[in-house]
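A.B. asks: everything below, folded, please.
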Amino acid sequence: MVGGAEAGLPERDGLRRSLKNRHLQMIALGGIIGASLFIGSGAVISTVGPAAVLSYAIGGAIVVLVMRMLGEMATAAPTLGSFMEYARSSLGDGAGFTIGWLYWYYWVGVVAFEAVAGAQLLNPLVPVVPQWALSLVLMVVLTAANLVSVRSFGETEFWLASIKVITIVVFLLCGTIFVLGLWPGSEFSVGNIALDGFAAHGGFAVLHGVVIVIFSYFGTEIVTIVSAESDEPEKSVAKATRAVVWRVLLFYVGSIALLVMITPWRQIPDGDVSPYAAAFARFGLPAAGAVVNVVVFTAVVSVLNSGLYTASRMLFALQRRGFAPSWIRDLNGRGVPWKAILLSTVAGYVAVVASFVAPDTIFYFIINSAGAVALFIYALIAVSQLRMRRRLEREAPERLTLRMWWFPYLTWATLGLIAVVVVTMTALPEVRSQLLLSLVSAAVIVLVYVGLVRPRHRRATGL
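C.D. replies: Model (predicted):
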């Protein structure tokens with residue numbers, strides 16, 4: 001055993017290794033493409049100008065570096081719970097408890113948010129059905145898909161991710177042809193990227209953009225959790241981790257660069273209309289808005305599906321270490337942790353109901369108090385990797401088949417970049433509340449560990 005992670009752990013806990021490499025690779029591909037890219041990119045471009053390309057590049061660099069660290073640990077010691085287990089073994093039980101519950105809390109909030117967003121997209125098609133009912137229907141359908149089997153989740157996510165990936169690839173191909181003036185009726189428009197100046201709103205606006213975009217990348221790490229139920233975890237994670245660089249460059253940086261080349265940036269929509277729909281319309285493609293709306297809905301359902309899966313598996317991993325009630329370990333006949341799924345779903349239902357009953361109080365707190373959690377998790381992953389790498393070099397260097405680049409300098413640089421993003425959040429009134437509420441949620445989890453869990457563990461072990 002290295003770093004507290006045990007090979008073969010998922011099988012001994014009863015989970016089925018029934019996901020194939022194609023599932024993991026498509027989950028990894030699609031996990032980096034969310035509705036925030038299709039819709040939220042317009043707001044980022046409006047805030048930053050063409051230099052939004054840099055905001056996405058900097059945010060992407062943080063994610064790429066964190067994924068490389070996580071890939072190093074996951075290939076050396078694949079385990080149920082992924083970074084929760086690495087934090088526990090490297091930094092102590094308190095760190096594992098904190099990062100695990102923060103991650104679960106984050107995804108419960110995301111599940112509720114995406115269920116509400118999906119209902120808003122569906123409501124114009126079925127206006128007689130109230131939005132809250134549509135949200136609950138989406139939750140029930142995706143819960144059922146997760147309860148059937150892990151293979152059912154994998155297949156559902158494979159096809160949902162495929163739609164997102166195909167859309168972005170088509171956009172990249174068409175957009176490149178368009179900006180080069182090779183598309184019928186187009187002209188060479190690469191120069192739009194410097195229209196009115198590249199950094200139109202100054203250098204700080206680029207950091208402002210990073211604060212907005214960094215959360216759209218969150219979810220890339222899901223592949224290291226899913227791998228615990230795959231037949232070749234080390235191989236799949238290594239492949240997905242190595243490929244994350246070109247995914248970020250193509251899907252985010254590349255597509256944003258094309259957006260500000262296709263259309264002068266001040267004309268790019270930043271409201272409910274997707275910048276991608278507007279770009280497809282410029283290509284002259286029929287029903288561009290309707291098609292992109294379908295893709296956005298697919299992205300929402302994909303995140304909802306992944307969120308339910310991820311929250312339940314993290315909860316299952318937490319109970320294994322005594323950080324959650326023992327009854328959560330129960331599996332159905334297909335090796336699915338059904339109680340963990342239902343508990344995560346119930347929390348999601350509560351949040352969905354709150355979004356309609358108390359949108360400005362309870363739902364506001366749930367969504368915003370999880371806002372900066374991604375940054376806390378990234379920081380804990382980086383610190384865990386610093387400790388675990390040293391241990392692996394001493395005890396089992398042969399397991400370091402995938403190494404973090406320029407260790408430890410890039411790990412420290414990543415922590416520095418995360419600190420810069422956090423400090424920037426304190427200077428921006430519109431996101432400052434997210435940071436403060438996220439600190440509150442983290443503090444509550446730490447207090448629960450210190451006041452309840454640690455004393456219980458000490459009594460159990462006699463320490």
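
A.B. asks: phi and psi next, for the one residue sitting closest to the centre of the chain.
C.D. replies: Compute the mean C-alpha point of the chain, and by CA atoms, centre = their mean the closest residue is residue 219, 1.6 Å away. Backbone torsions of residue 219, given as degrees, to the nearest 10, read phi 120, psi -20.

A.B. asks: got any ranges where the stretch 251-400 of the chain has weak pLDDT?
C.D. replies: 360-364, 366-367, 371 (pLDDT under 70).

A.B. asks: switch the cut-off to 80
C.D. replies: Within the stretch 251-400 of the chain, the segments meeting pLDDT under 80 span 271-273, 286, 288-289, 333-335, 347-348, 351-352, 354-371.

A.B. asks: where along it do the helices fall?
C.D. replies: Taking DSSP state H, counting those that start in this stretch, the helices of the stretch 251-400 of the chain run over residues 255-262, 275-282, 288-320, 338-357, 362-368, 373-395.

A.B. asks: distance between the third one and the chain's centre?
C.D. replies: With CA atoms, centre = their mean, to the nearest Å as the basis, helix 288-320 stands 9 Å off its chain's centre.

A.B. asks: now the angle from that helix to helix 275-282?
C.D. replies: Computed by axes from the mean of the first three to the mean of the last three CA atoms, to 10 degrees, the angle separating helix 288-320 from helix 275-282 equals 150 degrees.

A.B. asks: and residue 307, what is it in contact with?
C.D. replies: 107, 108, 110, 111, 114 (CB atoms under 8 Å, 6 or more residues apart in numbering). Using the backbone N, CA and C atoms, a C-beta is placed for each residue, glycine as well.

A.B. asks: and the next helix or strand past the helix or strand hosting residue 173?
C.D. replies: Using DSSP states H and E, residue 173 sits in helix 150-179. Next helix or strand after helix 150-179 toward the C-terminus (DSSP H and E): helix 203-213.

A.B. asks: which secondary structure elements does the helix or strand following that next one contact?
C.D. replies: Per DSSP H and E, the first helix or strand lying C-terminal to helix 203-213 is helix 222-226. Under the contact criterion of 3 or more CB pairs under 8 Å, 6 or more residues apart in numbering; DSSP states H and E, helix 222-226 touches helix 21-31, helix 52-76, helix 233-247, helix 288-320.

A.B. asks: ranking these by burial, who's on top?
C.D. replies: Across the helices and strands packed on helix 222-226, averaging neighbours per residue (mean count of other CB atoms under 10 Å) puts helix 52-76 on top, at a mean of 25.

A.B. asks: next secondary structure after that helix?
C.D. replies: Next along from helix 52-76, by DSSP H and E: helix 83-91.

A.B. asks: pLDDT (mean, whole number) over whichever helix or strand comes after that next one?
C.D. replies: Downstream of helix 83-91, the first helix or strand assigned by DSSP H and E is helix 93-122. Helix 93-122 carries an average pLDDT of 88.

A.B. asks: list the buried ones in helix 93-122?
C.D. replies: Buried residues in helix 93-122, defined by neighbour count with 16 or more other CB atoms under 10 Å: 93-119, 121-122.

A.B. asks: who's in contact with the very next helix or strand once past it?
C.D. replies: Going down the chain from helix 93-122, the next helix or strand is helix 131-148, by DSSP H and E. Contacts with helix 131-148, where a contact means CB under 8 Å, 6+ apart, come from 111, 115-116, 118-120, 122-123, 126, 152-153, 156, 301, 304-305, 308-309, 312, 332, 334, 336, 338, 341-342, 345, 348-349, 352-353, 355-356.

A.B. asks: equivalent analysis for stretch 211-222, please.
C.D. replies: 27-28, 31-32, 34, 36-37, 40, 43-44, 47, 52, 55-56, 59-60, 62-63, 66-67, 70, 82-83, 106, 244, 248, 252, 303, 306, 309-310, 371, 374-375, 381, 421, 424-425, 428, 431.

A.B. asks: end to end, how far does that stretch reach?
C.D. replies: 21 Å (CA to CA, to the nearest Å).

A.B. asks: return the distance of that stretch from the chain's centre.
C.D. replies: Distance, centroid of stretch 211-222 to centroid of chain: 5 Å (CA atoms, centre = their mean).

A.B. asks: just stretch 88-100 next, same as before
C.D. replies: Worked out by CA atoms, centre = their mean, stretch 88-100 lies 20 Å from the chain centre.

A.B. asks: can I get that stretch as CSV, trimmed to CA atoms?
C.D. replies: Below are the C-alpha coordinates for stretch 88-100, written out as CSV (Å, rounded to 0.1, in the frame of the first residue of the first chain):
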residue,chain,number,x,y,z
ARG,A,88,-6.3,11.7,4.0
SER,A,89,-3.2,9.7,3.6
SER,A,90,-0.9,12.7,2.9
LEU,A,91,-2.3,15.3,5.2
GLY,A,92,-4.4,13.4,7.8
ASP,A,93,-8.0,12.5,8.4
GLY,A,94,-9.1,16.1,8.8
ALA,A,95,-8.0,17.0,5.3
GLY,A,96,-9.6,13.9,3.8
PHE,A,97,-12.9,14.6,5.7
THR,A,98,-12.9,18.2,4.6
ILE,A,99,-12.1,17.8,1.0
GLY,A,100,-14.5,14.9,0.6
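
A.B. asks: what about residue 196, neighbour count?
C.D. replies: 12 (other CB atoms under 10 Å).

A.B. asks: quick one: contacts for it?
C.D. replies: For residue 196, the contact set (CB under 8 Å, 6+ apart) comprises 49, 265, 266.

A.B. asks: which of the residues you listed lies closest to residue 161?
C.D. replies: Distance to residue 161, by CB to CB, is smallest for residue 265 among these, at 29.1 Å.

A.B. asks: hmm, that closest one is touching residue 194, no?
C.D. replies: No. With contact defined as CB atoms under 8 Å, residue 265 does not reach residue 194; the gap is 10.0 Å.

A.B. asks: neighbour count for the two, which is higher?
C.D. replies: Taking neighbours as other CB under 10 Å, residue 265 and residue 194 compare with residue 265 leading, 25 against 16.

A.B. asks: about what we covered before: and the contacts of residue 196, which of them are in strands?
C.D. replies: With DSSP state E as the criterion, strands contain none of the contacts of residue 196.

A.B. asks: need the residues you listed in TSV (columns: distance to residue 284).
C.D. replies: Shown next, in TSV, are these (distance: CB to CB, whole Å):
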residue	distance to residue 284
49	27
265	21
266	22
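
A.B. asks: looking at those, which is nearest residue 453?
C.D. replies: Once CB to CB is applied, the member of those that ends up nearest residue 453 is residue 49, at 47.7 Å.

A.B. asks: phi and psi next, for residue 183.
C.D. replies: Here residue 183 shows phi and psi, under degrees, to the nearest 10, equal to phi -80, psi 140.
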